[in-house]
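> The following block contains a protein sequence and its predicted model.
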Amino acid sequence: MTYTLIAVSSITYAMKAKRLLNNMGYYCEVEKTPKNMSTGCGYSIRVKDDPEMISGILTKNGITNKDRMTIQR
């Protein structure tokens with residue numbers, strides 16, 4: 001399974017992103033940003049869809065995303 005973590009600046013933005021994406025039909029979850037990401041703090045959304053597209057949707061809706069990390073398990 002492959003997914004991407006997209007870091008945002010706060011839990012508030014993570015919850016807004018989750019609500020926005022879920023309302024658009026995209027599955028995502030909120031989780032604490034891992035310490036090994038360059039942002040080092042905050043929250044992330046975990047998505048399975050194309051991260052470029054998701055980042056574009058977030059940016060278009062005023063949710064700044066700081067960093068991304070793709071994880072394969």
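That came through, no problem.
> residue ranges of the strands in the chain, please?
Assigned by DSSP state E, the chain shows strands spanning 2-8, 28-32, 43-47, 65-72.
> Would you mind finding the most buried of those?
Mean neighbour count (mean count of other Cβ atoms under 10 Å) peaks for strand 43-47 among the strands of the chain, with a mean of 23. (C-beta placed from N, C-alpha, C; glycine too.)
> What is that strand packed up against?
Using 3 or more Cβ pairs under 8 Å, 6 or more residues apart in numbering; DSSP states H and E as the contact test, the elements touching strand 43-47 are strand 2-8, helix 11-23, strand 28-32.
> hmm, back to that, among the strands of the chain, where is the model least confident on average?
Note on the strands of the chain: strand 65-72 shows the lowest mean pLDDT, a mean of 89.
> How many neighbouring residues does the closest residue to residue 8 other than its chain neighbours have?
Excluding its sequence neighbours, the residue lying closest to residue 8 (Cβ to Cβ, 6 or more residues apart in numbering) is residue 14, at 5.1 Å. For residue 14, the count of nearby residues is 24 (other Cβ atoms under 10 Å).
> closest to residue 43 out of the helices and strands packed on strand 43-47?
Closest to residue 43 of the helices and strands packed on strand 43-47, according to Cβ to Cβ: helix 11-23, at 3.9 Å.
> mind listing what's buried in that closest one?
Buried residues in helix 11-23, defined by neighbour count with 16 or more other Cβ atoms under 10 Å: 13, 14, 16, 17, 18, 20, 21.
> My understanding was that the last one contacts residue 45; is that so?
Think residue 21. Yes - counting by Cβ atoms under 8 Å, residue 45 is a contact partner of residue 21 at 7.2 Å.
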